[in-house]
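**Q** This is a predicted model, with the sequence first.
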Amino acid sequence: MAKLGKRTTAAREAFAGKSDVAVAEAVSLVKANAKAKFDETVEISMNLGVDPRHADQMVRGTVNLPNGTGKSVRVAVFARGPKADEAKEAGADIVGAEDLMEIVQGGTIDFDRCIATPDMMPVVGRLGKVLGPRNLMPNPKIGTVTMDVKEAVAAAKGGQVQFKVEKAGVIHAGVGKASFDEGQLVENVKAFVDAVAKSKPAGAKGTYMKKISLSSTMGPGVSVDVETATASE
């Protein structure tokens with residue numbers, strides 16, 4: 001514990017007085033203070049001026065991070081016949097139909113992304129209470145209910161990140177690893193922020209992006225200047 005205490009104290013001192021900094025400075029601070037014994041994830045948190053309880057204020061979507069996430073993603077696909085074969089050939093980790101439904105119902109969820117062909121949705125729909133709270137439910141709006149399972153599996157494996165606003169108007173996601181170079185992380189952060197900006201719902205009123213912060217898995221957060229984060233270069 002003493003080591004963690006020292007590390008946390010040092011990180012907090014490094015972050016002291018730093019707020020609303022440019023993306024590059026925030027990335028530099030987070031990277032320099034990610035000193036755990038594992039490769040920490042760099043995480044983004046965004047506070048949005050929306051109330052997702054209203055359908056016209058829901059924010060959700062996907063973004064293909066230019067430099068990937070650095071994370072190995074396990075993909076499950078609900079499909080039958082040729083589409084099941086296509087999913088396996090594309091590199092899906094788990095492929096099935098009713099058999100996979102029973103495994104998930106039994107409490108085993110050994111995957112990070114779930115894709116389904118449209119004809120499988122009556123089966124997958126029975127798993128709503130299990131997959132929904134984990135943000136794993138396939139959805140046509142984000143490309144995870146599709147006949148093109150090959151492309152969906154490739155996107156999931158290649159660094160595509162899903163995002164969905166939570167009750168308090170917050171979105172958070174991993175945008176890379178601390179081992180990435182600063183340029184890669186800056187590109188990923190800006191791509192993520194840009195995707196959320198483009199997903200602004202019709203019902204959003206007032207300030208849409210209220211606060212953006214970056215942190216590593218074990219480190220404190222630093223707030224990012226919203227204007228520079230959303231400025232296209």
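**A** Nice, thanks for sending it over.

**Q** Nearest residue to Ser213 in space, please, no chain neighbours.
**A** Nearest non-adjacent residue to Ser213, counting by Cβ to Cβ, 6 or more residues apart in numbering: Gly221, 4.2 Å away. C-beta here means a position set from N, CA and C on the backbone, and glycine is covered the same way.

**Q** Surely that neighbour is in contact with Ser215?
**A** Yes - counting by Cβ atoms under 8 Å, Gly221 does reach Ser215; the two are 3.9 Å apart.

**Q** what kind of secondary structure is Asp56 in?
**A** The three-state label for Asp56, taken from DSSP: H, G, I helix; E, B strand; the rest coil, comes out as helix.

**Q** quick revisit: what number of residues lie near the residue nearest to Ser213?
**A** When neighbours are counted by other Cβ atoms under 10 Å, Gly221 registers 19.

**Q** how close does it sit to Val59?
**A** 20 Å (Cβ to Cβ, to the nearest Å).

**Q** And the pLDDT for Gly68?
**A** Listed pLDDT for Gly68 reads 91.

**Q** any idea which helix or strand carries it?
**A** Using DSSP states H and E, Gly68 falls within no helix or strand.

**Q** For the closest residue to it other than its chain neighbours, grab phi and psi.
**A** With sequence-adjacent residues excluded and distances taken as Cβ to Cβ, 6+ apart, Gly68 is closest to Gly159, at 3.3 Å. Dihedral pair for Gly159: phi 110, psi 20, per degrees, to the nearest 10.

**Q** Quick check: Val30 touching Ser216?
**A** Yes - Val30 is in contact with Ser216 according to Cβ under 8 Å; the separation is 5.2 Å.
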